[in-house]
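Q: Show me how the following folds:
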Amino acid sequence: MKHVLTIAGSDCSGGAGIQADLKTFAAHGVYGMSVIVSVVAENTQRVIGAQNVSSTLIAGQLQAVFEDIRVDAVKIGMLPSQLVMKTVAKELKERKPRHIVLDPVMIAKNGFPLMDSRLAQTLADLVLPYADVVTPNIPEAEVLTDMHITSTEDMQEAAIKIHRFGPSYVLIKGGHRCDDAADLLYDGNRMLWFSAKRIDTKNTHGTGCTFSSAIAANLALGEPIEKAVEGAKAYVTMAIEHALSLGKGCGPTHHFYDLYKNGLSR
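A: Take a look at the predicted model:
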């Protein structure tokens, strides 16, 4: 079995963050581990508050995992402060995990800021150079590049700019645009597009976390980057299509639709 580590914030309502990552790992048949960097009090409607974990305890969690269990891939989500970024970057430099997928989480689904946008340059300088794949949505890409993105040409320009920060691959997610949910993968030379039908639902809580975690799981399983993204795109589309109408706001995606439908194999 492959082992995948998520470094992210905790969503007590279970739809995003650490909880979504671990569900995604399990759905892909990989063993999930977690380093919690922030505890977020949120539900489908709003974020009530957040408290960051100390950098000492974050480093301790990372040490606990890496000194004992092989890590085949790392997914990074919410990094809420400069100190957290420095701590994670230091550990990545020392541990050198094989696959690193960075989802630059900045804003919760309801608009609550999970990272000060003024730290975008710090994130780009400290963490992006270690990432194999960075997966911003359009609002996050706009912050990272200081540009307005309204077209496919803008997405391509933004991908080139973000690639200059050092990641091997840039995947800009197009879900915030009004047309088909087309995502752009750029490796420094080629522009590859991944399209899927747009699903009319408000229940998309945790889709970014789920998508990036699926990519990390697929990379750990040995898939090349294009197949890893293609498989993750199909998975998150399925999870959105069968999303759960839980709570009074934006419900979570259905990470285990196939399992719930067909039951455990006997």
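Q: what about residue 52, neighbour count?
A: Neighbour count of residue 52, defined by other Cβ atoms under 10 Å: 18. The C-beta positions use only the backbone N, C-alpha and C, and glycine is treated the same way.
Q: who does it bridge with?
A: residue 38 (DSSP bridges).
Q: which residues touch it?
A: 37-38, 80-81, 84 (Cβ atoms under 8 Å, 6 or more residues apart in numbering).
Q: One more pass at 6 Å, please.
A: Going by Cβ atoms under 6 Å, 6 or more residues apart in numbering, residue 52 touches 38, 80-81.
Q: Let me see the contact set for residue 5.
A: 33, 65, 71, 74.
Q: That one belongs to a helix?
A: No: judged by DSSP: H, G, I helix; E, B strand; the rest coil, residue 5 forms no part of a helix; its state is strand.
Q: picking up where we left off before, any chance of the contacts of residue 52 in CSV, plus neighbour count, distance to residue 253 and pLDDT?
A: Listed next are those as CSV, based on neighbours: other Cβ atoms under 10 Å; distance: Cβ to Cβ, whole Å; pLDDT from 0 to 100:
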residue, neighbour count, distance to residue 253, pLDDT
38, 22, 21, 96
80, 22, 23, 93
81, 16, 28, 94
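Q: Can I get these in TSV including distance to residue 173?
A: Output for the contacts of residue 52, formatted as TSV (distance: Cβ to Cβ, whole Å):
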residue	distance to residue 173
38	22
80	21
81	24
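Q: low-confidence ranges in the stretch 1-150 of the chain?
A: Along the stretch 1-150 of the chain, the parts satisfying pLDDT under 70 run over 110-111.
Q: run the last query once more with 50
A: Of all residues in the stretch 1-150 of the chain, none has pLDDT under 50.
Q: what does stretch 115-122 contact?
A: Applying Cβ under 6 Å, 6+ apart, the external contacts of stretch 115-122 come out as 80, 82, 85, 106, 143-144.
Q: Could you give the separation between the terminal residues of that stretch?
A: 11 Å (Cα to Cα, to the nearest Å).
Q: Over to stretch 175-195?
A: End-to-end distance for stretch 175-195: 10 Å, by Cα to Cα.
Q: So which elements touch the longest helix along the chain?
A: Taking DSSP state H as the assignment, the helix of the chain that covers the most residues is helix 225-241. The contact analysis (3 or more Cβ pairs under 6 Å, 6 or more residues apart in numbering; DSSP states H and E) places helix 225-241 against helix 207-220.
Q: As PDB, could you dump the C-alpha coordinates of the helix it packs on?
A: Output of helix 207-220 as PDB, limited to C-alpha atoms (Å, rounded to 0.1, in the frame of the first residue of the first chain):
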ATOM      1  CA  THR A 207     -13.700  20.300  -4.200                       C
ATOM      2  CA  GLY A 208     -10.300  21.900  -4.300                       C
ATOM      3  CA  CYS A 209      -9.000  19.800  -1.400                       C
ATOM      4  CA  THR A 210     -10.500  16.700  -2.900                       C
ATOM      5  CA  PHE A 211      -9.000  17.300  -6.400                       C
ATOM      6  CA  SER A 212      -5.500  18.000  -5.200                       C
ATOM      7  CA  SER A 213      -5.600  15.000  -2.800                       C
ATOM      8  CA  ALA A 214      -6.700  12.800  -5.700                       C
ATOM      9  CA  ILE A 215      -3.800  14.000  -7.700                       C
ATOM     10  CA  ALA A 216      -1.400  13.200  -4.900                       C
ATOM     11  CA  ALA A 217      -2.900   9.700  -4.400                       C
ATOM     12  CA  ASN A 218      -2.600   9.000  -8.100                       C
ATOM     13  CA  LEU A 219       1.100  10.100  -8.200                       C
ATOM     14  CA  ALA A 220       1.800   7.900  -5.200                       C
END
